[in-house]
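Asks: sequence first, then the predicted structure, then my questions.
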Amino acid sequence: MRSLASDQLSKSFRRDALAQVDKFQNEIDKNVQEFNKDEYVTFISKLKIFMDATDVRLNTYKTEINSLKHQQQLLQKDLEYSQSIIDLYKSQTTATQ
């Protein structure tokens, strides 16, 4: 279930990133046609900010995914431990009957 959430989060991130890339590509095309140094510098600044924000989002998602994987491992260990207690209890109750 958490893997599904991670996949949806990744798909959402990719969709957002592709939309931003398309937007920036359109701006690049526009700037090439009517080159203006000030606009170009502003555009590059915006692009750098976007790239930094994307890196932050990506690192946040990676951290969250790693956290979820760790939680899954802990839950798996808890499940195995609980199952061993149940099995031990069953074997003791069967032996005493």
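Replies: Structure's in. What do you need? Every value quoted in this text rests on a predicted model; they were computed, and no experiment measured them.

Asks: check the offset of the helix or strand encompassing residue 85 from the chain's centre.
Replies: For residue 85, the element it lies in under DSSP states H and E is helix 37-96. Put simply, helix 37-96 sits 8 Å off its chain's centre (Cα atoms, centre = their mean, to the nearest Å).

Asks: that helix - contacts with which helices or strands?
Replies: In terms of contacts (3 or more Cβ pairs under 8 Å, 6 or more residues apart in numbering; DSSP states H and E), helix 37-96 is packed against helix 2-33. C-betas here are computed from N, CA, C, even on glycine.

Asks: next, report how far the helix it packs on is displaced from the centre of its chain.
Replies: Relative to the chain's own centre, helix 2-33 is displaced by 14 Å; criterion: Cα atoms, centre = their mean.

Asks: grab the nearest non-local neighbour of residue 10.
Replies: Distance criterion Cβ to Cβ, 6 or more residues apart in numbering; nearest residue to residue 10, sequence neighbours excluded, is residue 61 at 6.8 Å.

Asks: these two touch, right, that neighbour and residue 13?
Replies: Yes - counting by Cβ atoms under 8 Å, residue 61 does reach residue 13; the two are 6.2 Å apart.

Asks: roughly how far does the residue nearest the centre of the chain sit from residue 74?
Replies: Closest to where the C-alpha atoms of the chain average out (Cα atoms, centre = their mean) is residue 61, at 3.1 Å. For residue 61, the distance to residue 74 equals 20 Å [Cβ to Cβ, to the nearest Å].

Asks: give the contact list for residue 38.
Replies: Residue 38 is in contact with no residue at all, counting by Cβ atoms under 8 Å, 6 or more residues apart in numbering.

Asks: which pLDDT value belongs to residue 50?
Replies: We have a pLDDT of 90 for residue 50.
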